[in-house]
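**Student:** next comes the sequence, and after it the predicted model I'd like to discuss.
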Amino acid sequence: MAEGKRLRQRWLAAGAAVVLLAGTALGWWWRSAHAPAELPASACWSVLTRADLKPLAEQVHGTLVERNSTDGSHEHLRPAQGDQDCRVERKPGSGLLWVQVWSMGETAMEVKYGSDSDHQGYSRLDFGSDVQGWVRRGQVGMVFRCDTPENARLGRPYTAVGVAAGELTDLTSAKVHRAVLDIALKYAKAVVADYPCSNPVRLPDSVPGTAANFPPPRP
């Protein structure tokens, strides 16, 4: 009898330990899965800060990292590197933000961004007379002339900037929409300063109120 009692006590103790370990693991998982997103201090050629990314990540959890199309050694936008793109993501396929910067010729610019271009479901971007582009919920595309020796060599006098919120974000959120517009303007200013553009490019100090309005939903 005494041996049976000791055996039951051992089983009870082992069961309690298993329950404790399971509860600890579950608690760790819950905290990890629901903790605020861990954002990089800077991202995408050192243009973005954690404050720029935070409005996009209010409903996002886990650790987010930057992934560049280059080898990661370039801290700034450089025209000699050609087309560049960068993602901030939780893992491949789960993106928070996507940024592209590339040069463009006259014909391609007119087709994609010109006054006769057809972008149903998009609104024209209001960033001043030197910028052409369009905007929809969570996405901005813009182009402006940027004269640099590299762009002249390539025969692509225009520089385009594309910014899109990823599938981790809430695209119905006005805060996300505004954050994407702010980021797009910040990249336009970074291009003008970092390339630099030898021609004057007039950009607004902040996103115009008309640009911050939600465009109609895409069909």
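**Tutor:** That came through fine. Residues are numbered from 1 along each chain as shown.
**Student:** so what's residue 162 up against?
**Tutor:** Contacts here follow Cβ atoms under 8 Å, 6 or more residues apart in numbering; on that basis residue 162 touches 98, 99, 100, 101, 139, 140, 141, 142. Bear in mind the C-beta positions are built from the backbone N, C-alpha and C, glycine included.
**Student:** over to residue 125?
**Tutor:** Applying Cβ under 8 Å, 6+ apart, the residues near residue 125 are 131, 132, 133, 134, 135, 140, 141, 142, 211.
**Student:** coming back round to it: tell me which of the contacts of residue 162 fall in strands.
**Tutor:** Of the contacts of residue 162, the ones assigned to strands by DSSP state E are 98, 99, 100, 101, 139, 140, 141, 142.
**Student:** for the nearest residue to residue 132 once chain neighbours are set aside, give its distance to residue 42.
**Tutor:** Of all residues not flanking residue 132 in the chain, residue 113 sits nearest, at 4.5 Å (Cβ to Cβ, 6 or more residues apart in numbering). The gap separating residue 113 from residue 42 is 29 Å, by Cβ to Cβ, to the nearest Å.
**Student:** what of residue 182?
**Tutor:** 16 Å.
**Student:** please apply the same query to residue 64.
**Tutor:** When residue 64 is compared with residue 42 (using Cβ to Cβ), they lie 13 Å apart.
**Student:** so the two - more neighbours on which side?
**Tutor:** Each of residue 64 and residue 42 has its neighbours counted (other Cβ atoms under 10 Å); residue 64 has more, 25 against 15.
**Student:** so which bits of stretch 37-47 are buried?
**Tutor:** By neighbour count on 16 or more other Cβ atoms under 10 Å, the buried set for stretch 37-47 is 37, 39, 43, 44, 45, 47.
**Student:** now the end-to-end length of it.
**Tutor:** Here the two ends of stretch 37-47 are set 19 Å apart, with distance taken as Cα to Cα, to the nearest Å.
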